[in-house]
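> Need coordinates for the below:
(one chain, ligands or ions: 1)
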Amino acid sequence: MTESAPGAHAALGIDIGGTGIKAEVVDCVSGTIRGAAIIRPTPNPATPDAVLGIVATLLRDISWSGPIGIGYPGVVKNGIARSAANVDDGWKNFPIAERFGALTDQTVRVMNDADAAGLAELRFGAARDQAGDSGATVLMTTFGTGIGTAFFHRGRLFPNTEFGHVELNGGDAEDYAAASIKTKLGLSWSEWGARVHEYLAMMEMLLSPELIVFGGGVSENFDHFKAYLDTRAEVRPAQLGNDAGIIGAALATDLPQL
Ligand code: BGC
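As a prediction, this is how the structure comes out:
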């Protein structure tokens with residue numbers, strides 16, 4: 001746990017996930033969070049209004065006054081959700097920035113959750129040597145309920161890539177290789193690792209990244225499956241763990257709304 005006084009460069013990062021809604025104040029200069037993230041279970045059903053209600057209580061508990069960044073698990077254009085793959089259908093076309101902004105008089109920025117995690121890893125984590133104008137082509141992947149991706153070239157994000165939905169094995173790639181599928185089907189590390197390998201091979205064929213950052217909670221177990229990933233690109237486990245989404249969401253407050 002790293003203490004950092006909230007100041008001009010601090011922002012509240014909120015990560016809306018399938019199982020939990022996480023929030024904490026982030027020092028956007030050092031990339032550290034103020035304390036252990038506050039986690040609330042995602043309501044069921046996770047309608048926009050139900051999630052808004054949770055975020056309202058979080059804001060009261062944290063008593064934060066300053067910019068707010070939100071990571072959302074779907075396509076975000078101009079602060080509006082444009083897809084809802086693993087969340088309630090009511091999110092489609094929901095004006096997230098406007099409705100969450102109405103809870104507070106602070107600036108609210110929203111971005112895709114994998115884009116947020118990727119930004120954090122690029123700035124402060126596993127890919128920090130690739131930030132900036134001379135940075136290589138980097139693919140960030142998050143393996144969880146679904147597969148999230150963030151794509152960078154020379155330190156710049158190409159947002160909303162949604163490469164978790166390319167076709168693999170006759171269906172949606174995330175329905176074949178997400179971490180949740182390992183649990184659902186009781187796959188061994190080698191069985192799941194082989195699926196992840198197929199997925200990364202397709203990503204390499206399409207995108208030719210120099211570096212792949214492997215994120216999501218399952219990256220803690222990277223040693224159990226790294227042997228199955230036979231890629232041209234270097235694959236590094238993410239370094240910021242579950243905090244990447246919060247840190248990246250906070251960093252979004254320094255960017256124009258995507
Ligand atoms: C969504 C992505 C998201 C990923 C990880 C996918 O199902 O389409 O937008 O980044 O899950 O949450």
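> what's the pLDDT at residue 18?
According to the prediction, residue 18 has pLDDT 83.
> helix or strand for the residue found closest to it once you drop the neighbours it is linked to in the chain, which one?
Of all residues not flanking residue 18 in the chain, residue 145 sits nearest, at 4.3 Å (CB to CB, 6 or more residues apart in numbering). For glycine as for every other residue, the C-beta is placed from the backbone atoms N, C-alpha and C. Taking DSSP states H and E as the definition, residue 145 sits outside all helices and strands.
> How about the contacts made by residue 145?
17, 18, 19, 73, 86, 178, 179, 180 (CB atoms under 8 Å, 6 or more residues apart in numbering).
> and the gap between it and residue 229?
Between residue 145 and residue 229 the distance is 21 Å, computed by CB to CB, to the nearest Å.
> Might you report the residue contacts of the residue nearest to residue 45 when sequence neighbours are not counted?
In space, and not counting its chain neighbours, residue 45 is closest to residue 88: 5.1 Å by CB to CB, 6+ apart. Taking CB under 8 Å, 6+ apart, we find residue 88 in contact with 45, 46, 47, 48.
> now, which of these lie within helices?
residue 48 (DSSP state H).
> Quick one: name the residues of the protein near the ligand.
For the chain, the residues in contact with the ligand (CB under 6 Å from any ligand atom) are 73-75, 83, 85-86, 112-114, 142, 146, 148, 162, 164, 174.
> From those, pick the one nearest residue 218.
Using CB to CB, residue 142 comes nearest to residue 218 of the residues of the chain next to the ligand, at 9.3 Å.
> Could you count how many residues lie near the closest one?
31 (other CB atoms under 10 Å).
> next structured bit after the one helix or strand it maps to?
Using DSSP H and E, residue 142 maps to strand 138-143. Scanning forward in sequence from strand 138-143 by DSSP H and E, the next helix or strand is strand 147-153.
> which helices and strands does that following strand pack with?
Judged by 3 or more CB pairs under 8 Å, 6 or more residues apart in numbering; DSSP states H and E, the packing partners of strand 147-153 are helix 113-124, strand 138-143, strand 156-158, helix 189-207.
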